[in-house]
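Peer 1: Below is the structure, and that's it, no one-letter string:
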């Protein structure tokens, strides 16, 4: 281990060390002043964010015997994860106190999960992928159940834990099979081992497929989405908001790197599978979202559909030149989705009352007239989910469809646009509800309103001038061996 | 010229400036809110007239700026106007202040600010649709017009407003999403979304013309609406507040017809030629069906709504006759319909404010009580049924005359059946006028109705003046549009 090794993982390292120290410090912070913990953890994430920003544009570097890599792709995603962490703290800040579930360990756990996600983006070895996956998941299992003794929270935590470990097992088995086929777990090593082999090795294909299943669990793609509505509903809303962005992004980060680096030769076998996952997610996610009456479940299914749209752009990943386009399009959509999703969850958090009240769409009636500063952003976020122009969601979907059409998958793009119609329906149903007659209850809205308005401005503003974002996307290239 | 002060940019985005002012104002100060919105729309109209004058001097330039790159494809901020676009922008900006005037007492209270803000947003979208020359930019404006309209219907609409808003949204979205795929396909084939570049290289996607024509055409046909895709229209029109109906009928429907002219004819010439008889056939069915259903209506607003289906059928017939005379007539008819149907909706709204009903049976003999309103209504009705000397006649005559000897349609049946539609229009419109304004005054409540006040006269008078002026001397409009029409038809004629 050299200094350079540490430099490569510096932002991640800062987050981990800070989180561990904070766990200790938190023991001396009195119970009624836990907001101090929140501020301290935000400071740690901000420091790491500064470091990650400073690492932009540097040439790719490997570390720890090539098990970890820092390239444009990793740095870009680190920035996304760290920002997500900051937003997640803002979401939780008032909420935890309001619902009397303010535990000091909340924030350090969140930070460790963020660190796991960051490591995921840097992983250049299947074992690191697995380690990162566990590191990001375990804190989330705990956070899901942190609203104890609320039963639905504990139930969700157990469900998430069981299904999560199940998917980890898939992933691990895939890693084992690939190791069996190639005697390697390092991504470049796998490519090297398979370079001379012309025929497809069944063991190798089976391993890659199992990895795909594992990642599909994490991004909640149909048919591996079953956990997501229940867990999203049961978990405390700020945790759900963080999950809906962070876990999805981390799963995609691993998918992109592992498949693009190690499995380009398997495109013929894997592309149809990815296409099937994409179609199923778009159709099922959007269809089921239409039937929901609970806002958290609706957003969960909207997230499932988003995973489908993202996977759609991944289908042509094997076509050489298209790989770069796929990555840019998916990262762009991911940012659009992150801003949109966090915004929507901010409004959900603002409206949630104790004992799960204030989460039904019915209870949103009248928000538009009484709290325009929450309602107008929510309208923007819902339109962005659907992909209506002048929101960032439009450009995101536009870019994804573009890649699908350019890759020759017009049928896939058609499924995408047609299922967007369903999303138009449920978005509009909620929007119209906002302007019906009713008296919604909103508490602790100062932070959340600020957050929602800020995100709404970003969602609309960046749609006018996506230049900076596209430029950042240009730097987010994968280092291919 | 500086890009910020380019006339087309100003026309498109000036309403946003008014919107910003609105947001800064106190929501309780209704008078200043109204005036800000009204003045903004008037200034926008002034800018449109300025652009027209510039165009007449040949000094109106296009504006094309790089906007963003997605991979190797660029989206440009490209605005430009020919005679047809200018006429549509003039129509939009002309109807806007009138629609706002009509809401002076109809919309009140704390929600007024939102109402006016949505209206100004709508104007941005509509002007953008008529001026955009980049397909993606066009699509953005096209989709964006939906959002304010949905809210106008869903918040200030009638009893079934939620249903109508959802239906309107979903219908339009069905078309739009296929349009998006079509745009993407075309753009990726050529490597640009810029309309002139696409027209130049249209041979690259000539193989998929028919499919593309249908993908683009579905979006436009729903908007027009072409029979049998019209069923959103009666609901949306009837439930929308008066000003919303005026803009919906006056401008939004024109966006569909405009889309056919601007994109389908020059981009997919062979498909346009081949499918012309089919489109014209649907148009004729629409003319007759709309007229027939309109005749059966008991609700005044529904009657006017179905008359739109019939009138827009004429427009579509004119476009797909593909002769200069018919297409010019169609473009003029787009304006005529905007004026006369817009005015009819205004009249319905004015009487609704007084009587809170739109049942034809609730009126009768109003001429005796409301002479001013009735006289204006007579002119508008006559314009709508195309009486010679008023604008409707010029448009429909040219459409039908052009369609009679159109080689694209092959036979005279289209025009012949369309002519029957003119007679049917007379039937339902005269029935409407007779039921509302003529005969004895049967309902006591109607005896005490107040005639139009100055504001209402000011709302209707500009339309009536134009109706007469175009009817007597339509030449300036033909001068404005014929170069553009001939250029489009030339493009549509070459394979």
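Peer 2: That came through, no problem. Everything numeric here is computed off the predicted structure, so don't read it as measured data. Residues are numbered from 1 along each chain as shown, chains lettered A, B, ... in the order given.
Peer 1: Next, work out how far apart the residue nearest to residue B:240 when sequence neighbours are not counted and residue A:219 are.
Peer 2: Distances taken as C-beta to C-beta, 6 or more residues apart in numbering or on different chains put residue B:153 closest to residue B:240, at 4.8 Å, once the chain neighbours are dropped. C-beta here means a position set from N, CA and C on the backbone, and glycine is covered the same way. From residue B:153 across to residue A:219, the span is 37 Å (C-beta to C-beta, to the nearest Å).
Peer 1: Tell me which of these two has more neighbours.
Peer 2: residue B:153 (30 against 26; other C-beta atoms under 10 Å in any protein chain shown).
Peer 1: just checking, that one touches residue B:238?
Peer 2: No. Counting by C-beta atoms under 8 Å, residue B:238 is not a contact partner of residue B:153; they are 10.0 Å apart.
Peer 1: which residues touch the residue of the stretch 351-495 of chain B found nearest chain A?
Peer 2: Taking C-beta to the nearest C-beta, chain A has its nearest neighbour within the stretch 351-495 of chain B at residue B:356, 20.4 Å off. Not one residue lies near residue B:356 by C-beta atoms under 8 Å, 6 or more residues apart in numbering or on different chains.
Peer 1: Quick check on it: phi, psi?
Peer 2: When quoted as degrees, to the nearest 10, the phi and psi of residue B:356 stand at phi 60, psi 40.
Peer 1: Which residue, neighbours along the chain excluded, lies closest to residue A:107?
Peer 2: Counting by C-beta to C-beta, 6+ apart, residue A:41 is the residue found nearest to residue A:107 once chain neighbours are left out, at 3.8 Å.
Peer 1: I'd like to know how far the one you found sits from chain B.
Peer 2: 36 Å (C-beta to the nearest C-beta, to the nearest Å).
Peer 1: Report all helices and strands that the helix or strand containing that residue contacts.
Peer 2: Assigned by DSSP states H and E, residue A:41 belongs to helix A:35-54. On a contact count with 3 or more C-beta pairs under 8 Å, 6 or more residues apart in numbering or on different chains; DSSP states H and E, helix A:35-54 meets helix A:10-26, helix A:72-98, helix A:106-122.
Peer 1: from those helices, which stretch is densest packed?
Peer 2: Across the helices and strands packed on helix A:35-54, averaging neighbours per residue (mean count of other C-beta atoms under 10 Å in any protein chain shown) puts helix A:106-122 on top, at a mean of 28.
Peer 1: which parts of the next helix or strand after that helix are buried?
Peer 2: Once the chain leaves helix A:106-122, the next helix or strand it forms, by DSSP H and E, is helix A:126-144. Buried residues in helix A:126-144, counted by 16 or more other C-beta atoms under 10 Å in any protein chain shown: A:126, A:128-144.
Peer 1: And stretch B:149-159, by the same measure?
Peer 2: For stretch B:149-159, burial by neighbour count (16+ other C-beta under 10 Å) applies to B:149-157.
Peer 1: can you tell me which of the residues you listed are in helices?
Peer 2: Residues of those located in helices (DSSP state H): B:149-156.
Peer 1: my read: residue A:427 touches residue A:384, true?
Peer 2: No. Assessed by C-beta under 8 Å, residue A:427 is found out of contact with residue A:384, at 9.0 Å.
Peer 1: Same list, the buried residues of stretch B:149-159, but as a markdown table with pLDDT and distance to residue B:300 please.
Peer 2: Converted to a markdown table, these look like this (pLDDT from 0 to 100; distance: C-beta to C-beta, whole Å):
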| residue | pLDDT | distance to residue B:300 |
| --- | --- | --- |
| B:149 | 88 | 22 |
| B:150 | 87 | 24 |
| B:151 | 86 | 25 |
| B:152 | 86 | 20 |
| B:153 | 87 | 18 |
| B:154 | 83 | 23 |
| B:155 | 82 | 23 |
| B:156 | 83 | 19 |
| B:157 | 78 | 17 |
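Peer 1: what about residue B:201, neighbour count?
Peer 2: Residues near residue B:201, counting by other C-beta under 10 Å: 15.
Peer 1: Model confidence score at the nearest residue to it once chain neighbours are set aside, please.
Peer 2: Spatial nearest neighbour of residue B:201, excluding adjacent residues (C-beta to C-beta, 6+ apart): residue B:190 at 4.6 Å. On the pLDDT scale, residue B:190 is placed at 85.
Peer 1: for the nearest residue to residue B:110 once chain neighbours are set aside, helix, strand, or coil?
Peer 2: Spatial nearest neighbour of residue B:110, chain neighbours left out: residue B:27 (5.9 Å); criterion: C-beta to C-beta, 6+ apart. Of the three states, residue B:27 takes coil under DSSP: H, G, I helix; E, B strand; the rest coil.
Peer 1: residue contacts, residue B:27?
Peer 2: B:33, B:110, B:112-113.
Peer 1: Just the buried ones out of the residues you listed, please.
Peer 2: Buried members of the contacts of residue B:27, counted by 16+ other C-beta under 10 Å: B:33, B:112-113.
Peer 1: Go through these and say which is closest to chain A.
Peer 2: For the buried ones among the contacts of residue B:27, the residue nearest chain A by C-beta to the nearest C-beta is residue B:113; the value is 9.8 Å.
Peer 1: in the chain, which ranges drop under the pLDDT threshold?
Peer 2: As the question left the chain open, I've gone with chain A. Low-confidence segments of chain A (pLDDT under 70): A:1, A:198-200, A:354-356, A:443-444, A:479-481.
Peer 1: ah, no, chain B please
Peer 2: Short version for chain B, where the test is pLDDT under 70: B:1, B:71, B:495.
Peer 1: Chain A contacts on that one?
Peer 2: For chain B, the residues in contact with chain A (C-beta under 8 Å from any C-beta of the partner chain) are B:68-71, B:73, B:110-111, B:136, B:139-141, B:143-144, B:146-147, B:150-151, B:154-155, B:162, B:165-166, B:169-170, B:173-174, B:177-178, B:180-181, B:184-185, B:188.
Peer 1: show me what contacts residue B:302?
Peer 2: Residues in contact with residue B:302 (C-beta under 8 Å, 6+ apart) are B:234, B:237-238, B:358.
Peer 1: Oh, that last question was meant for residue A:469, not what I typed.
Peer 2: Residue A:469 sits next to A:332, A:335, A:462 when contact means C-beta under 8 Å, 6+ apart.
Peer 1: Can you name the element that comes right after the helix or strand containing the first one?
Peer 2: What it means is residue A:332. Secondary structure assigned from DSSP H and E places residue A:332 in helix A:322-351. As assigned by DSSP H and E, the chain's next helix or strand after helix A:322-351 is helix A:367-370.
Peer 1: Buried residues of that following helix, list them for me.
Peer 2: For helix A:367-370, by 16+ other C-beta under 10 Å, it's A:367-369.
Peer 1: next one: stretch B:471-485
Peer 2: Buried-residue list, stretch B:471-485, by 16+ other C-beta under 10 Å: B:471, B:474, B:477-478, B:480-482, B:484-485.
Peer 1: so of those residues, which ones are in helices?
Peer 2: B:471, B:477-478, B:480-482, B:484-485.
Peer 1: Format these as CSV; extra columns: distance to residue A:351.
Peer 2: Below are these laid out as CSV (distance: C-beta to C-beta, whole Å):
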residue, distance to residue A:351
B:471, 57
B:477, 54
B:478, 58
B:480, 54
B:481, 53
B:482, 58
B:484, 52
B:485, 55
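Peer 1: Contacts for stretch A:167-185, please.
Peer 2: Contacts of stretch A:167-185 (C-beta under 8 Å, 6+ apart): A:125-127, A:129-130, A:133-134, A:137, A:189-190, A:192-194, A:201, A:203-204, A:206-211, A:213-215, A:217-218, A:224.
Peer 1: Now do the SS call for residue B:65.
Peer 2: strand.
Peer 1: Contacts only, for it.
Peer 2: With contact set as C-beta under 8 Å, 6+ apart, residue B:65 has these partners: B:3, B:76-78.
Peer 1: Give me the buried entries from the residues you listed.
Peer 2: Of the contacts of residue B:65, these count as buried by 16+ other C-beta under 10 Å: B:76-78.
Peer 1: nearest to chain A, of the residues you listed?
Peer 2: Relative to chain A, and with distances defined as C-beta to the nearest C-beta, the nearest of the buried ones among the contacts of residue B:65 is residue B:77, at 10.2 Å.
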